[in-house]
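J.: Quick one, structure for this:
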Amino acid sequence: MEVLLKKDIDRLGSKDELVVVKNGFGRNFLIPKGLATLATESVKKMHAETLKQRAHKDNQQKDEATKLLEKLTKKTFEVPAKVGENGKIFGSISNIQLADSLDKAGFKVERKNITLPSNNLKTVGKFEAEIVLHKSVKGKISFEIVAG
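T.: The predicted structure follows:
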């Protein structure tokens, strides 16, 4: 029996995957619990169309992310911080401050997609951060911590 999974199931498959299972398992467990639907011809056609549309949408998002990354890599962003003597910062810079600086420059980037260098950013200077805009579009942006 061939079924289309509605949810990820351990050791069977992931969501929106067509899998072959034993008749009893499909009829008595998967379908009644709402974990899968019977893979008829019409369901297979709808599934193929859904996958095609997702791939198209994913390609558009990837193209937009690539264009945005090109714009981001050309600029150096300034992150203001309170600075004491000897160029030391009170506290440290986090991805939240960098995301705010990007937002002020007109670029919407989620802070969870920004990874700062592993060393603590407690001094004034230039640094690079890794940014993920799409699952396959990653790059580095440069930023500078300035007294503010």
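
J.: quick check: domain ranges of the chain?
T.: 2-63, 64-147 (automatic domain parsing).

J.: measure stretch 76-89 end to end?
T.: 19 Å (Cα to Cα, to the nearest Å).

J.: what do you get for stretch 79-94?
T.: Length of stretch 79-94, first residue to last, Cα to Cα: 10 Å.

J.: For it, buried residues please.
T.: Of the residues in stretch 79-94, V79, A81, V83, I89, I93 count as buried by neighbour count, 16 or more other Cβ atoms under 10 Å. Where you see a C-beta, it was placed from the backbone N, CA and C, and this is true even at glycine.

J.: now that stretch: mean pLDDT?
T.: Mean pLDDT, stretch 79-94: 85.

J.: now stretch 135-148, how far from the centre of its chain.
T.: For stretch 135-148, the distance from its own C-alpha centre to the chain's C-alpha centre is 16 Å (Cα atoms, centre = their mean, to the nearest Å).

J.: Name the residues of it that are buried.
T.: Residues of stretch 135-148 classed as buried: V137, G139, I141, F143, I145 (neighbour count, 16+ other Cβ under 10 Å).

J.: can you check stretch 10-20 too?
T.: For stretch 10-20, a neighbour-count test (16+ other Cβ under 10 Å) marks G13, V19 as buried.

J.: Let me see the mean pLDDT of that stretch.
T.: Averaged over stretch 10-20, pLDDT sits at 93.

J.: Span of it from start to end?
T.: End-to-end span of stretch 10-20 (Cα to Cα): 15 Å.

J.: circling back to that earlier point, in strands only, show me the buried residues of stretch 135-148.
T.: V137, G139, I141, F143, I145 (DSSP state E).

J.: Could I get the contacting residues of the fourth one?
T.: With contact taken as Cβ atoms under 8 Å, 6 or more residues apart in numbering, F143 is in contact with T76, F77, E78, V79, L98, S101, K126, F127, E128, A129.
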